[in-house]
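Student: Predicted model, plus sequence, below.
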Amino acid sequence: MEDYFVWVTTRRIKPGTLEEFERAWRPGSTPHGLRRAYAYWSEDGQEITGVSFWDSREACDSWRTSDGEKQRRDAMAPYVVDEREGFYRGGELTVPGQ
C-alpha cells in the first residue's frame with residue numbers, strides 16, 4: 001500500500017459568502033510538493049472541507065508556514081467563522097469485489 005500524506009482543513013464560513021471565499025481560498029501558485037487537492041462543500045454552502053495530498057509532511061509544513069499560505073489565510077479570514085485542520089498519513093483502501 002502506497003503511503004499518502006494528507007492535510008485536511010474544514011472551515012465554516014459566513015452565510016452567503018461562498019463565492020468570495022472560493023476566490024480567496026485558491027493559492028496564487030502551486031505549492032512545492034503538492035500532488036493534488038480536492039474541495040467539498042456542504043449543501044448549504046457554509047462548510048468547506050479541503051483535502052490535499054503531499055509528497056511528505058515536510059513539504060506540507062513548508063507550505064503551511066510560508067508567506068503564500070499566510071496571505072491566503074489572511075484573504076479568507078473575513079469569511080471564516082470556524083476552522084479545524086489535521087495532518088494524516090494513510091493509504092487507499094481496496095473495495096472487495098473490485
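Tutor: Ah, there it is.
Student: Please, where are all the helices along the chain?
Tutor: Here the chain has its helices, by DSSP state H, at 18-25, 57-64, 67-76.
Student: which residues does residue 84 contact?
Tutor: Contacts for residue 84 (C-beta atoms under 8 Å, 6 or more residues apart in numbering) come out as 9, 10, 11. Placement of C-beta: from N, CA and C, glycine included.
Student: now with 7 Å?
Tutor: residue 10 (C-beta atoms under 7 Å, 6 or more residues apart in numbering).
Student: bridging residues for it?
Tutor: residue 10 (DSSP bridges).
Student: Can you pull out the low-pLDDT segments for this protein?
Tutor: The chain contains residues with pLDDT under 70 at 1.
Student: centroid residue for it?
Tutor: By C-alpha atoms, centre = their mean, the chain has its centre lying nearest to residue 50, at 3.2 Å.
Student: Without its sequence neighbours, what residue ends up closest to that one?
Tutor: residue 9 (4.8 Å; C-beta to C-beta, 6 or more residues apart in numbering).
Student: what about that neighbour, how many neighbours?
Tutor: When counting by other C-beta atoms under 10 Å, one arrives at 17 neighbours for residue 9.
Student: Isn't it up against residue 52?
Tutor: No. Counting by C-beta atoms under 7 Å, residue 9 does not reach residue 52; the two are 8.3 Å apart.
Student: Quick one: residues contacting the residue lying closest to residue 5 once chain neighbours are set aside.
Tutor: Leaving aside its chain neighbours, residue 5 sits nearest to residue 54 (4.4 Å; criterion: C-beta to C-beta, 6+ apart). Shown in contact with residue 54 (C-beta under 7 Å, 6+ apart): 5, 7, 33, 34, 35, 60.
Student: Quickly list what residue 54 is bridged to.
Tutor: The partner residues for residue 54, given DSSP bridges, come to residue 5, residue 34.
Student: bridging residues for the residue nearest to the centre of the chain?
Tutor: residue 9, residue 39.
Student: show me what contacts it?
Tutor: 9, 37, 39.
Student: export those to JSON lines and tack on distance to residue 21?
Tutor: Output for these, formatted as JSON lines (distance: C-beta to C-beta, whole Å):
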{"residue": "9", "distance to residue 21": "13"}
{"residue": "37", "distance to residue 21": "16"}
{"residue": "39", "distance to residue 21": "10"}
